[in-house]
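In: based on what follows, work out the 3D shape:
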Amino acid sequence: MKEIQSDIMFTISLEDYRVMAKHGAYDFEHLEDQPFIVTIKVQITDGKVNEDLDKTVNYADLQSTIDDILLDSKPIRLMETMAEKMIDRLKSNSLIKKISIRIEKPNAPLPHKGGLAVVEAEWTK
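Out: Below you'll find the predicted structure:
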């Protein structure tokens, strides 16, 4: 099979992945599951994909990263910390040149009804 060579930057995403987990700044948030909605976008620029999964980023790896951080860890107080942990895990993949993460917390304890709590983080090699 002929190799595909280009200067194309590919963006691979897992968007709006909903996870029920026990995290938050307040102790009472660690008692019951609440929704977190995560979007991860990574960019690769290798340009030689050639139908080879090892030369790109697997969506399943993005989902597993979220699961490991949100489902398989002790309670995390800040969404910023969640994003940092996800970036730390993903940036070890040498193919990834840029990572963007958005974490939404629809049921965040706010003083008044309305609004959506969101943290976004970005890392570039």
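
In: just list the residues touching the residue most central in space within the chain, thanks.
Out: Among the residues of the chain, the one closest to the centroid is residue 40, at 3.8 Å (Cα atoms, centre = their mean). Contacts of residue 40 were listed using Cβ atoms under 8 Å, 6 or more residues apart in numbering, and they are 13-14, 17, 62, 65-66, 86, 90, 99-101. To be clear about C-beta, it is placed using only N, CA and C from the backbone, and glycine gets the same treatment.

In: same check on residue 66?
Out: Contacts of residue 66 by Cβ under 8 Å, 6+ apart are 14, 17, 19, 38, 40, 86.

In: ok, it to residue 43 distance?
Out: From residue 66 across to residue 43, the span is 18 Å (Cβ to Cβ, to the nearest Å).

In: three-state assignment of the residue nearest to the centre of the chain?
Out: Of the three states, residue 40 takes strand under DSSP: H, G, I helix; E, B strand; the rest coil.

In: what is it paired to in the beta sheet?
Out: For residue 40, the beta-bridge partners are residue 14, residue 101 (DSSP bridges).

In: all helices for the protein, in order.
Out: 59-70, 79-90 (DSSP state H).

In: which residues touch the last one?
Out: Which is helix 79-90. 23, 36, 38, 40, 42, 61-62, 65-66, 68-70, 73, 76, 96, 99, 101, 103, 105, 117, 119-121, 123.

In: now list the buried members of these.
Out: 23, 36, 38, 40, 42, 62, 65-66, 69-70, 76, 96, 99, 101, 103, 105, 121, 123 (16 or more other Cβ atoms under 10 Å).

In: using a markdown table, please lay out the contacts of residue 66 together with pLDDT and distance to residue 57.
Out: Converted to a markdown table, those look like this (pLDDT from 0 to 100; distance: Cβ to Cβ, whole Å):
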| residue | pLDDT | distance to residue 57 |
| --- | --- | --- |
| 14 | 98 | 10 |
| 17 | 98 | 15 |
| 19 | 97 | 19 |
| 38 | 98 | 16 |
| 40 | 98 | 10 |
| 86 | 98 | 13 |
